[in-house]
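Asks: predicted model, plus sequence, below.
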Amino acid sequence: QVQLVESGGGLVQPGGSLRLSCAASGSFFRVDGMGWYRQGPGKQRELVAEITSSRDLTNYADSVKDRFTITRDNAKNTVYLQMNSLKPEDTAVYYCNAQIWTLLGTRDTYWGQGTQVTVSS
């Protein structure tokens with residue numbers, strides 16, 4: 001069974017930093033693209049950042065460019081989101097997302113359980 005396990009959320013003051021981690025565990029062939037989404041109060045889930053499995057190509061939402069950085073460690077099947085200069089509007093539940101090639105030969109999408117990030121003074 002494939003799982004995405006997230007960690008690193010919490011409460012931080014405006015201007016502060018947090019680092020989220022998400023590790024894929026279980027039995028699978030390999031992890032393809034990975035990313036982070038978020039859903040704020042009363043809002044739809046939106047893409048924050050994503051990264052490819054090869055060449056580490058990245059894509060960011062305009063609202064987080066120059067403040068957030070997504071990276072990955074393929075040896076650990078882990079993706080990270082370094083969040084700097086946090087703003088109250090970054091408050092949301094953050095979800096990890098990954099496309100994983102299963103042992104059955106299918107490429108499936110998996111989601112983490114979500115981790116709360118609250119930016120408040």
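Replies: In hand now; what should we look at?
Asks: which stretches of the chain form strands?
Replies: Using DSSP state E, the strands of the chain run over 3-7, 10-12, 18-25, 30-39, 46-51, 58-60, 68-73, 78-83, 92-101, 107-111, 115-119.
Asks: hmm, who's touching the second one?
Replies: With contact meaning Cβ atoms under 8 Å, 6 or more residues apart in numbering, strand 10-12 is reached by 18, 86, 116, 117, 118, 119, 120. Yep, even glycine has a C-beta here, placed from its N, CA and C like the rest.
Asks: before we move on, back to that, tabulate the strands of the chain in a markdown table, adding columns for mean pLDDT.
Replies: Shown next, in a markdown table, are the strands of the chain (pLDDT from 0 to 100):
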| stretch | mean pLDDT |
| --- | --- |
| strand 3-7 | 95 |
| strand 10-12 | 98 |
| strand 18-25 | 98 |
| strand 30-39 | 97 |
| strand 46-51 | 98 |
| strand 58-60 | 97 |
| strand 68-73 | 97 |
| strand 78-83 | 98 |
| strand 92-101 | 98 |
| strand 107-111 | 97 |
| strand 115-119 | 98 |
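Asks: next one: residue 38 from residue 61, what distance?
Replies: Separation of residue 38 from residue 61 (Cβ to Cβ, to the nearest Å) stands at 9 Å.
Asks: find the centremost residue of the chain, please.
Replies: In the chain, the C-alpha nearest the mean C-alpha coordinate belongs to residue 36, at 2.8 Å (Cα atoms, centre = their mean).
Asks: count of neighbours near the closest residue to it other than its chain neighbours?
Replies: Taking Cβ to Cβ, 6 or more residues apart in numbering, and ignoring the residues beside it in sequence, residue 36 has residue 48 as its nearest neighbour in space, at 4.4 Å. Burial measure for residue 48: 24 neighbouring residues, criterion other Cβ atoms under 10 Å.
Asks: before we move on, what about residue 62?
Replies: 6.
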